[in-house]
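Novice: Predicted coordinates and the sequence they were generated for:
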Amino acid sequence: LDDFRKEDLLAGYDNREAESEDELEIEAKSIAEERRKLPVFPYREELIKAVHEYQVLVVVGETGSGKTTQIPQYLIEEGFGGVCCTQPRRVAAMSVAARVATEVGCKLGSKVGYSIRFEDCTSDKTVIKYMTDGMLLREFLSEPDLGQYHVIIIDEAHERSLSTDIAMGLVKDIARARGDSIRIIISSATLNAEKFRDYFDDAPIFNIPGRRYPVDIYYTKAPEADYLDACCVSVLQIHASQPPGDILVFLTGQEEIETAVEILNQRTRGLGSKVQELMIAPIYSTLPADMQAKIFEPTPPGARKVVLATNIAETSVTIPGIVYVIDPGFCKQKSYNPKTGMESLIVVPVSRAGAVQRTGRAGRTQPGKCFRMFTKWSFYNEMEEDTIPEILRTNLAQVVLLLKSLGIDDLINFDFIDAPPSEVLIKSLEQLYALGALNDRGELTKLGRRMAELPLDPMMAKSLIGSEKYSCSEEVATICAMLSVNNSIFYRPKDKGVIADAARAAFARGGGGDHMALLNCYNQWRDSGFSTQWCYENFVQARSIKQARDVRDQLDGLMDRVEVEKTSNLDGDAICKAIASGFFYNATRLEKGGTYRTLKNPHTVHIHPSSCLFKSEKLPRWLIYHELVFTTKEFMRQVIQIESAWLLEIAPFYYQSKELEDQTKAKLPKVVGKASTTT
Ligand code: ADP
Ligand code: MG
């Protein structure tokens, strides 16, 4: 059987690109050995049989057993047509697709490809397509029965991301309509698969038994005041005292990971040559693809790798060689208050289920150790049992807009796996009405239809379409693109902090706030001929801004499709008005003491220390924020200066002039906001 399989595997893929065919073949052969060792392999035939037999199948297996990388290949090898496999995270979609392309022995984007927002790496040859769950939702818009796919795999279903939940609802619907021409696999890591079985009318559960080695768990005796520092200390202790094996540290996001990289670099530099090399490999969603690949590079003998990861490494990506896990017990989560309509990112304790998953990562290939940076008491008494599904803690405006565009009007009776509270649905309808996407009967307007065509948050979509009126769509598209690369444009090395800050301040000199600074930065870079040298000189992250350019190019095409007229206008007021036409919801007014208060549902918020207005001598009276982040306080990240009169002009149904009167006629404080710079 083994020999048969090898030939079979290679025979299926004779269309490989010519350039390094021999190399690809050799690599594919040795990988074929590896593939056979995965826990899912012995179940290949049985699994295929089950897929033939049942329209919907729930597949459950330990992480790392080969569900994501192997099952689509098995299906194609057995003659199934197009297979798509969704992932809640873009990094996972990209990295898994790259891996599978290598296994298959083809170029990424040919037989195996991926599709994520603003990046389509597929072709008409693609038969295995990994994509984010959000992209699958968008495909419903262009092809409501998803006719191009024979098998749809909703992977990482246990994550219960918002888009996965909605995708399951829609897929369940087309399963009824398409009958035998479609197969659906719901794939999940944990063992509460019964929920999916029940939701899909008693679909059978296919269990892939995994192997797992014991993991010793260590707790801290007392809560850690500074868990980031505690993690770094632990990494160095493990490195100095423990037998070989790589380390995986779970952190909450990019900023934290970058800080940890810096701390570790600094401290290992001081250790001299007596200690073995420590390879530091970060991974988070906006990290460029070539840097992501570093986590999979084999650790050279004698060295040790430490992977600093977000939740992505909890289940979606399996990194070989991990023996030690360090878990501070936190993750970043969206939280939403339907009363105020405010959404913010907050750092929260993980659930017990999450902590158990993280621990499991240490025992995949040999017995391991997990260091929990929290107390045993806290694990049993303070942590929630399970993570709350995203649909129950997020703003649903984008989903509601999508469902409306698919002709699904009766949202209250939509078959949600967990129905969101009706007040959240109502709030979303209100918000879409205020944006002009729905009329007073709750029907989609022409504007709403155009907004739904754009793969952007409804507020952003409205700003982009709204920019037509102010003849500045080119500028607003640039701002959208720059905002989409998530706070990673400006580079600030600690030893050159002052010069970096000055370079950054120069972009903001024209006023307007962070959005305008981003625009100036992009335009200057463009005028330099997209020069990398210019980036170095101006402390701009070349990779990030190039990513922004790619997004910008995509937006350009989308604007053609949605027929947004392309016009350019550098007038700051016009640009700020256009942004405000989508984000008027996020308007705030200056209070005494240099804090701001949101207009509807008054609530105190602060300018984020990373904002160019943070240290400004004279704070603007009115600001609109792009997003809220809750760390030590509720911070507004990326703010733009507006005038209150604009709100009346832009959102006359939403604001009344009384709400927009200046209540603080008194002199405002001069220098503020230095109380805390910790974020
Ligand atoms: P599951 O989906 O069941 O969690 P996967 O299919 O993601 O499992 O992983 C199967 C195996 O493939 C794992 O052992 C993992 O280490 C390996 N793998 C995945 N991606 C890569 C990669 N880029 N490089 C090397 N190995 C990889
Ligand atoms: Mg997987």
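Specialist: Cool, got the structure. Ligands and ions are numbered 1, 2, ... in the order given.

Novice: who are the neighbours in contact with the nearest residue to Val348 once chain neighbours are set aside?
Specialist: Closest residue to Val348 apart from its sequence neighbours, by C-beta to C-beta, 6 or more residues apart in numbering: Gln333 at 5.0 Å. (Each C-beta comes from the backbone N, C-alpha and C, glycine too.) Taking C-beta atoms under 8 Å, 6 or more residues apart in numbering, we find Gln333 in contact with 345-348, 393.

Novice: Name the nearest of those relative to Ser187.
Specialist: Nearest to Ser187 among those: Arg393, at 23.6 Å, using C-beta to C-beta.

Novice: separation between the closest one and ligand 1?
Specialist: 25 Å (C-beta to the nearest ligand atom, to the nearest Å).

Novice: need the residues of the protein near ligand 1, please.
Specialist: Proximity of the chain to ligand 1 (C-beta under 6 Å from any ligand atom) is limited to residues 38, 61, 63-70, 95, 99, 296, 318, 320.

Novice: Neighbour-wise, give me the winner out of the residues you listed.
Specialist: Highest neighbour count within these: Thr68, with 29 neighbours (other C-beta atoms under 10 Å).

Novice: ok, that residue - contacts?
Specialist: 85, 87, 92, 96, 155-156, 187, 316.

Novice: still on that earlier bit, report the beta-bridge partner residues of the residue nearest to Val348.
Specialist: For Gln333, the beta-bridge partners are Ile346 (DSSP bridges).

Novice: Within the helices and strands, which one has the residue of the stretch 451-600 of the chain found nearest ligand 1?
Specialist: Nearest residue of the stretch 451-600 of the chain to ligand 1, counting by C-beta to the nearest ligand atom: Arg543, 19.9 Å away. Per DSSP states H and E, Arg543 falls inside helix 542-561.

Novice: For that helix, list the C-alpha coordinates in PDB.
Specialist: Taking C-alpha atoms only, helix 542-561 is exported to PDB below (Å, rounded to 0.1, in the frame of the first residue of the first chain):
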ATOM      1  CA  ALA A 542       9.100  49.500   4.200                       C
ATOM      2  CA  ARG A 543       7.200  46.200   4.400                       C
ATOM      3  CA  SER A 544       4.100  47.700   5.900                       C
ATOM      4  CA  ILE A 545       3.800  50.600   3.600                       C
ATOM      5  CA  LYS A 546       4.300  48.300   0.600                       C
ATOM      6  CA  GLN A 547       1.500  46.200   2.000                       C
ATOM      7  CA  ALA A 548      -0.500  49.400   2.100                       C
ATOM      8  CA  ARG A 549       0.300  50.000  -1.500                       C
ATOM      9  CA  ASP A 550      -1.000  46.500  -2.400                       C
ATOM     10  CA  VAL A 551      -4.200  47.200  -0.600                       C
ATOM     11  CA  ARG A 552      -4.400  50.600  -2.300                       C
ATOM     12  CA  ASP A 553      -4.200  48.900  -5.700                       C
ATOM     13  CA  GLN A 554      -6.900  46.500  -4.800                       C
ATOM     14  CA  LEU A 555      -9.100  49.300  -3.600                       C
ATOM     15  CA  ASP A 556      -8.500  51.000  -6.900                       C
ATOM     16  CA  GLY A 557     -10.000  48.100  -8.700                       C
ATOM     17  CA  LEU A 558     -12.900  47.900  -6.300                       C
ATOM     18  CA  MET A 559     -13.700  51.500  -6.800                       C
ATOM     19  CA  ASP A 560     -14.100  50.800 -10.500                       C
ATOM     20  CA  ARG A 561     -16.400  48.000  -9.700                       C
END
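
Novice: counting contacts, what elements does it pack onto?
Specialist: helix 473-484, helix 514-527, helix 532-537 (3 or more C-beta pairs under 8 Å, 6 or more residues apart in numbering; DSSP states H and E).

Novice: Same list (the ones you listed) but as TSV, adding mean neighbour count, mean pLDDT and distance to Leu456.
Specialist: TSV is the format used below for these (neighbours: other C-beta atoms under 10 Å; pLDDT from 0 to 100; distance: least, C-beta to C-beta, whole Å):
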stretch	mean neighbour count	mean pLDDT	distance to Leu456
helix 473-484	24	96	7
helix 514-527	21	97	15
helix 532-537	14	95	26
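
Novice: what does the model give the closest residue to the residue of the stretch 451-600 of the chain closest to ligand 1 other than its chain neighbours for pLDDT?
Specialist: Once flanking residues are discounted, Arg543 sits nearest to Pro288: 4.8 Å by C-beta to C-beta, 6+ apart. In this model, Pro288 is scored at 73, pLDDT.
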